[in-house]
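*Asks:* Sequence and computational prediction follow.
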Amino acid sequence: MPLRKNIIANYIGQGYAVVIVILCLPLYLQSLGAEAFGLVGFFVVMQSWLSLLDMGLSPALGREVARTRGVAADYDDLRRLLRSLEVVFLVFAAVIGFCVVMGSYWIAQNWLKLEILTTSDVAYCVALMGLMAGLRWFTTLYCSGIKGMEYQLWFNAASMFFATLRFVGGFLLLRWLTREPVHFFEYQLSVGVIELLVMRLKFYSLLPVKGGHFSFSWRSINGILPFAGGIAYSAMIWVLLTQFDKLLLSHLLPLKEYGYFALVVVVANGVLQMTVPISQALLPRMTYLLAQGKEQEMLRLYRKATQFMAVAMLPLTGMMAVFSTEILSLWTGDTTAAGWAGPVLFWYVLGIGILSLGGFQYYLQYTYGRLKLHVIFNTFFSIISVPIIVFAVFNYGAMGAALAWFGLRVISFLIWPPIVHHYLAPGIHSKWLLKDIAPIFGTTALLLLLIGRIGIPFESLNRMEVFILLIGIGLLLLVINAFVSGECRAMLLKRQA
């Protein structure tokens, strides 16, 4: 499937998932209450930390699938690698589930600060979270393979289906059957089992070689360990830099306030997920082009994708930051939650905007299979970041975490891209920064400044009027920036011709 169609399919799938979250989570908050809703936020953090056990093997499989397609290699080797990874994943999924189940009571009694919920109920919910995390982690293996095959249309259709089961089904459960958090997490676990089975069957059906028995092979795994090791270490640093503050806050904040903070986490993660469609389509295509010796074409694609990302993300994150409290109030209908979480969301979502563009250096290194620079820089950066995060969280709570997050993203963006470009794509950095990003950033900042000076009286508007107004502002920013971007403008004018 052409790259453009893959990106469109990914955006439809990801956009649908985000819309489902936007529609359902306020209903979860109302049905479960702030404290039980805090468990949902804690599950998001737990899943991020447990994903470290992936050890980079899922992305490595996706890369091997794309490479095998690009050089027309023997799929028997790929099948042997898949079977070997399945054994590893099965063992670690079992370990994840067992460890979390065994530690669930300690987490409920000593880590989380409960006010209304009973320790036994929360411990059971945490145990279910561990089982769900193991299942979802296993599912990523097959998802990586499907995306490596560039079956983005099917993958996104399936993802939309399971998002509907997970979120809409969860709401219907809470609305009509029960409002107990234990039943909610039991339902989510059952959806995870079905998703794992479906993704496994689909990926196996895409492998062109049928039949034959392939057993576990250390040799197959050893072949991807250098790349997987770099991915794994990078993932560990990534989780440390992006989730450490959330882990600390889950212990420091009462679970009710952590429920409010969970709104910030969910919104920030939802915005960050909007970068996934481009990366899902971009990584296998860049790897494919490089495998065929088309390096310059790959670099042109890299710059083009940067502009698309900037057009999509900078207006979105800028608007969400400026109107963070209004958006949360509109979304949840809870002015208390919006007042608490709005100022925190402001800094988090600005950091997401920066991060969405800073991630392109990882895409470039992934394509070349050279993650040494990534490992060195992020090791150094994490050594600096962790003490800053600890100080900010323990002294200033959620707001300190938000300010530290934003500041660290700014520092990373100023230092990291020029280094990567110097080593992997000499001469590209000034064009990438000044032609692909700066015009869109400047336009977005100027428009938001002008809109902010108007002084919109949101307090006198009802929720529908606020919704229409914010949608209008978002579309205005998007359309103007689409014409500011050279690549987007050329694509739009070409369609009109």
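*Replies:* Structure received.

*Asks:* quick check: mean pLDDT across stretch 339-347?
*Replies:* For stretch 339-347, mean pLDDT rounds to 92.

*Asks:* Alpha carbons of it, in PDB - could you do that?
*Replies:* Output of stretch 339-347 as PDB, limited to C-alpha atoms (Å, rounded to 0.1, in the frame of the first residue of the first chain):
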ATOM      1  CA  GLY A 339      -9.200  23.700  37.700                       C
ATOM      2  CA  TRP A 340      -6.800  21.200  39.300                       C
ATOM      3  CA  ALA A 341      -5.500  19.600  36.100                       C
ATOM      4  CA  GLY A 342      -5.500  22.600  33.600                       C
ATOM      5  CA  PRO A 343      -2.300  24.400  34.700                       C
ATOM      6  CA  VAL A 344      -0.500  21.000  34.800                       C
ATOM      7  CA  LEU A 345      -1.700  20.000  31.400                       C
ATOM      8  CA  PHE A 346      -0.400  23.300  29.900                       C
ATOM      9  CA  TRP A 347       3.200  22.400  30.400                       C
END
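
*Asks:* can you list contacts of it?
*Replies:* The contact list for stretch 339-347, computed with Cβ atoms under 8 Å, 6 or more residues apart in numbering, reads 257, 260-261, 263-264, 267-268, 320-321, 324-329, 398-399, 401-403, 405-406. Placement of C-beta: from N, CA and C, glycine included.

*Asks:* Can you select the buried ones among these for me in ChimeraX?
*Replies:* Entered in ChimeraX, the line below selects the buried ones among the contacts of stretch 339-347, by 16 or more other Cβ atoms under 10 Å:
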select :257,260,261,263,264,267,268,320,321,324,325,326,327,328,329,398,401,402,403,405,406
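
*Asks:* Report how many residues lie close to the closest residue to Ala401 other than its chain neighbours.
*Replies:* Leaving out its chain neighbours, the residue that sits closest to Ala401 by Cβ to Cβ, 6 or more residues apart in numbering is Asp245, at 3.9 Å. Neighbourhood size, Asp245 [other Cβ atoms under 10 Å]: 24.

*Asks:* Quick check, Asp245 in contact with Ile389.
*Replies:* Yes. If you go by Cβ atoms under 8 Å, Asp245 and Ile389 touch, sitting 5.1 Å apart.

*Asks:* Report the set of residues contacting both of these two.
*Replies:* Counting by Cβ under 8 Å, 6+ apart, the residues touching both Asp245 and Ile389 are Ala401, Ala404.

*Asks:* all strands of the stretch 301-450 of the chain, in order?
*Replies:* Counting by DSSP state E, counting those that start in this stretch, the stretch 301-450 of the chain has no strands to list.

*Asks:* An error on my part: the question was meant for the stretch 1-150 of the chain.
*Replies:* Per DSSP E, counting those that start in this stretch, the stretch 1-150 of the chain carries no strands over any range.

*Asks:* Show me where it has its helices.
*Replies:* Taking DSSP state H, counting those that start in this stretch as the test, the helices found in the stretch 1-150 of the chain are 3-32, 34-50, 57-71, 75-106, 119-148.
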